[in-house]
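**Q** coords please:
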Amino acid sequence: MGLERFEVYASLAAGGQITDFGSGRTIAPPASISDPRVVRRRSRERYGQDRQAVEDQLADAVGQPPDKGGNGIGQRPRRQS
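**A** All right, here's what the predicted structure looks like:
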């Protein structure tokens, strides 16, 4: 016996007590009302910040000099002997 779409089987906690398992049915999610690409673009336009400015603020917050070259990620080159 498997669950169909939007069916659930759960045990709940209430007032410090755990209930027995019970089954239920959820409702289907609503249809999309906007294009996710448009939402992301508008969010970037409204709330976005310059990436380098954010990186510089983070570096300052942890006491490191800002990374002015490369991406600072990955293996470090070997030291020459």
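
**Q** all contacts plus neighbour counts: C-alpha atoms, from now on.
**A** OK.

**Q** what's the distance between the residue nearest in space to the middle of the chain and Val8?
**A** For the chain, the residue nearest the mean C-alpha position is Arg40 (13.7 Å; CA atoms, centre = their mean). Between Arg40 and Val8 the distance is 32 Å, computed by CA to CA, to the nearest Å.

**Q** and the spatially closest residue to Thr26 that is not a sequence neighbour, what does it touch?
**A** Of all residues not flanking Thr26 in the chain, Phe6 sits nearest, at 5.0 Å (CA to CA, 6 or more residues apart in numbering). Residues near Phe6 by CA atoms under 8 Å, 6 or more residues apart in numbering: Arg25, Thr26, Ile27, Ala28.

**Q** rerun at 10 Å
**A** Phe6 makes contacts with Gly24, Arg25, Thr26, Ile27, Ala28, Pro29, as judged by CA atoms under 10 Å, 6 or more residues apart in numbering.

**Q** Check the spacing between it and Ser23 real quick.
**A** To Ser23, Phe6 is 11 Å away according to CA to CA.

**Q** Same check on Pro29?
**A** The gap separating Pro29 from Ser23 is 19 Å, by CA to CA.
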